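Colleague: Fold the following and give me the result.
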Amino acid sequence: MKRSGIADLPLHGGRVPDWLAQRMTRLGTAITEAIIHHHGTSAFLSRLSDPFWFQALGAVMGMDWHSSGITTSVLGALKRGLAPRSHELGIYVCGGRGKFSRNTPNELRSIAYQRGFDGEGLVRTSRLTARIDNNAIADGFQIYLHSFVVTSNGEWAVVQQGLNDQSGMARRYHWHSATVKDFVEEPHTGIVGEHQGTIMNLVDADAKSAQRAMLDIAREHPEKTLRAVGSAGSLPAVFNNRYLRLPAHHDVRRTDVDLKRLGAVLAIAYERKLHNFAELLLVEKLGPRTLQSLALVAEVIHGTPSRFDDPARFSFAHGGKDGHPFPVPLKTYDESLNFLRTALDRAKPVSMAVTGRDGVSTGSGSDRVEFGREKLDALRRLDRFARSVEGRFQPQADFDAVIAHERTISPSLGGRTVVDDKLGRRFFVGRSRQPSMFDRQD
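Modeller: Take a look at the predicted model:
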């Protein structure tokens, strides 16, 4: 096994309102299903193990782009959404925050019994990763969240988070098993691109010594491993990882975003010729704002590791609950979610999906399945198209103008924030409202 990365995040309080939590559950589930549909469960674990991708996922789901709350809310949404589909998809989310983390061993044993693999081995792994991050590293962070994600064939990833009261920061730790390929090795065409950052690849021919070292560590009793790590004063080389440190400022700033990448997304949304071509790719007529969101969702599903070095950019899909970079546009959120959910439901074999959420028939026969798969493949084509626009035209987003535009159109899109909730305002998706403090430039 290896610890694949860490992320340092400003510590924020508060809670996720129900109107966003429900949408996060549905969108997180749909994105997971789409990744598994195209690339398999191993690829999903690889993405989950990358701190940059994880942060981008939380941002595209409408959470605050940099706060510690992303970890709890994203993992909670995935656990709620995937639980009814775990056997079908072959992926299980165990543990959670506080008392839920302590139930991880029992959850793992139950899944192992159903699936026929070594539950006690997974329990030992769960405890080892928690103890190393909580006890063996004197970094001042105490673990309060531990989530263990395991597939039906026993591959796993761990995401856990610690708290440091003195610094006012949270630290998120990512692990995944040695049997999971890094997703730079996945055989899909979206992998082609410039490599940025360090990605550990345990299946590389040059990684044999690291593999042996990891296996030796995994076979040792946890207490012996902890003593060895503690006496060394630092982690061994096999724990080299990706490191994400997010700033304390709450607003999204131009320095937090790759303006060329954002510019490509905005170009295909608002430039007529590019927009028309993107609509052809998606085989559906969509407004520019929904197209903007879907382009960023498509990148989360199909993007390569180097695409997530600026996770704040993905907050331009559905905003943030605290109004940064703009209020959550509920109308757009629901339209992009409906596109993805409909495609997934129709792409299933007829025996697995005959009716929709409200009991209404989603179609029948091979035509329905083919249409759903076509819509799912369209997101892959949209991601490729956005990258080609970025490479050919190198557009640069006017950052201030983008935020001003988003806040101007926010009322028409049902823009909503937790601040509006506290002020007792009522909202109707698609209808105008009185402007909030977030409709103005800071």
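
Colleague: Following the chain onward from the lowest-mean-pLDDT helix or strand in the chain, which element is next?
Modeller: Ranked by mean pLDDT, DSSP states H and E, the weakest helix or strand in the chain is helix 222-232, scoring a mean of 51. Per DSSP states H and E, the first helix or strand lying C-terminal to helix 222-232 is strand 242-245.

Colleague: Now do D345 against R97, distance only.
Modeller: Going from D345 to R97 by Cβ to Cβ, to the nearest Å gives 31 Å. Quick note: C-beta positions are derived from backbone N, CA and C, even for glycine.

Colleague: oh sorry, the question was meant for E33
Modeller: Distance, E33 to R97, by Cβ to Cβ: 24 Å.

Colleague: neighbour-wise, which of those two wins?
Modeller: Per other Cβ atoms under 10 Å, whichever of E33 and R97 has more neighbours is E33, with 26 against 16.

Colleague: Kindly confirm my reading that the more buried one is in a helix.
Modeller: Yes - the assignment for E33 is a helix, going by DSSP: H, G, I helix; E, B strand; the rest coil.

Colleague: L89 is in contact with that one, correct?
Modeller: Yes - between E33 and L89 there is a contact under Cβ atoms under 8 Å: 6.6 Å.

Colleague: if I look at these two, which residues touch both of them?
Modeller: Shared contacts of E33 and L89 (Cβ atoms under 8 Å, 6 or more residues apart in numbering): none.

Colleague: Please tell me how far stretch 272-283 is from the chain's geometric centre.
Modeller: Taking the mean of its C-alpha atoms, stretch 272-283 sits 26 Å from the chain's own mean (Cα atoms, centre = their mean, to the nearest Å).

Colleague: For that stretch, list every residue counted as buried.
Modeller: Under the neighbour-count criterion of 16 or more other Cβ atoms under 10 Å, stretch 272-283 has L274, H275, A278, E279, L281, L282 buried.

Colleague: And the first one, how close does it get to V389?
Modeller: This means L274. Per Cβ to Cβ, L274 is found 6 Å from V389.

Colleague: Give me the common contacts of those two.
Modeller: When contacts are counted by Cβ under 8 Å, 6+ apart, the set common to L274 and V389 consists of A267, I268.

Colleague: got a list of what G69 touches?
Modeller: Applying Cβ under 8 Å, 6+ apart to G69 gives the contacts H12, G14, V16, M63.

Colleague: right, and the last one touches S73 too?
Modeller: Yes - shown here, M63 and S73 form a contact pair, counting by Cβ under 8 Å, at 5.3 Å.

Colleague: Need the overlap of contacts for those two.
Modeller: Going by Cβ under 8 Å, 6+ apart, residues that sit against M63 and also against S73 are V16, M24.

Colleague: surely H318 meets E335?
Modeller: No - the criterion here is Cβ under 8 Å, and H318 misses it with E335 at 10.7 Å.

Colleague: Output stretch 158-178 as PDB, nothing but the C-alphas.
Modeller: This file holds the C-alpha atoms of stretch 158-178, laid out as PDB (Å, rounded to 0.1, in the frame of the first residue of the first chain):
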ATOM      1  CA  VAL A 158      -8.700   5.400   2.500                       C
ATOM      2  CA  VAL A 159      -9.500   9.000   3.000                       C
ATOM      3  CA  GLN A 160      -9.200  10.400   6.500                       C
ATOM      4  CA  GLN A 161      -8.900  13.900   8.000                       C
ATOM      5  CA  GLY A 162      -7.200  15.300  11.100                       C
ATOM      6  CA  LEU A 163      -7.700  18.500  13.100                       C
ATOM      7  CA  ASN A 164      -5.100  20.900  14.400                       C
ATOM      8  CA  ASP A 165      -6.700  23.400  16.900                       C
ATOM      9  CA  GLN A 166      -3.700  25.600  17.200                       C
ATOM     10  CA  SER A 167      -3.200  26.200  13.500                       C
ATOM     11  CA  GLY A 168      -6.800  26.300  12.600                       C
ATOM     12  CA  MET A 169      -6.200  23.800   9.800                       C
ATOM     13  CA  ALA A 170      -7.400  20.400   8.800                       C
ATOM     14  CA  ARG A 171      -5.200  17.800   7.100                       C
ATOM     15  CA  ARG A 172      -6.600  15.200   4.700                       C
ATOM     16  CA  TYR A 173      -4.700  12.000   4.100                       C
ATOM     17  CA  HIS A 174      -5.200   9.700   1.100                       C
ATOM     18  CA  TRP A 175      -4.200   6.100   0.700                       C
ATOM     19  CA  HIS A 176      -4.800   3.300  -1.800                       C
ATOM     20  CA  SER A 177      -3.800  -0.300  -2.100                       C
ATOM     21  CA  ALA A 178      -0.900  -1.500  -4.200                       C
END
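
Colleague: quick check, distance from it to the centre of its chain.
Modeller: Using Cα atoms, centre = their mean, the offset of stretch 158-178 from its chain centre is 16 Å.

Colleague: mind listing what's buried in that stretch?
Modeller: Using 16+ other Cβ under 10 Å as the test for burial, stretch 158-178 gives 158-163, 169-178.

Colleague: which stretches of this protein form strands?
Modeller: Ranges of strands within the chain are 2-10, 91-97, 142-151, 156-164, 169-176, 242-245, 328-329, 415-416, based on DSSP state E.

Colleague: Which positions within the third one qualify as buried?
Modeller: So that's strand 142-151. Neighbour-count burial for strand 142-151 flags I143, L145, H146, S147, F148, V149, V150, T151 (criterion: 16+ other Cβ under 10 Å).

Colleague: from the residues you listed, which is closest to P305?
Modeller: Using Cβ to Cβ, V149 is the member of the buried residues of strand 142-151 that sits closest to P305, with 18.6 Å.

Colleague: how much space between the nearest residue to the closest one once chain neighbours are set aside and Y173?
Modeller: Once flanking residues are discounted, V149 sits nearest to A157: 4.7 Å by Cβ to Cβ, 6 or more residues apart in numbering. Between A157 and Y173 the computed distance is 11 Å (Cβ to Cβ).

Colleague: Equivalent analysis for G98, please.
Modeller: Distance of G98 to Y173, given as Cβ to Cβ: 17 Å.
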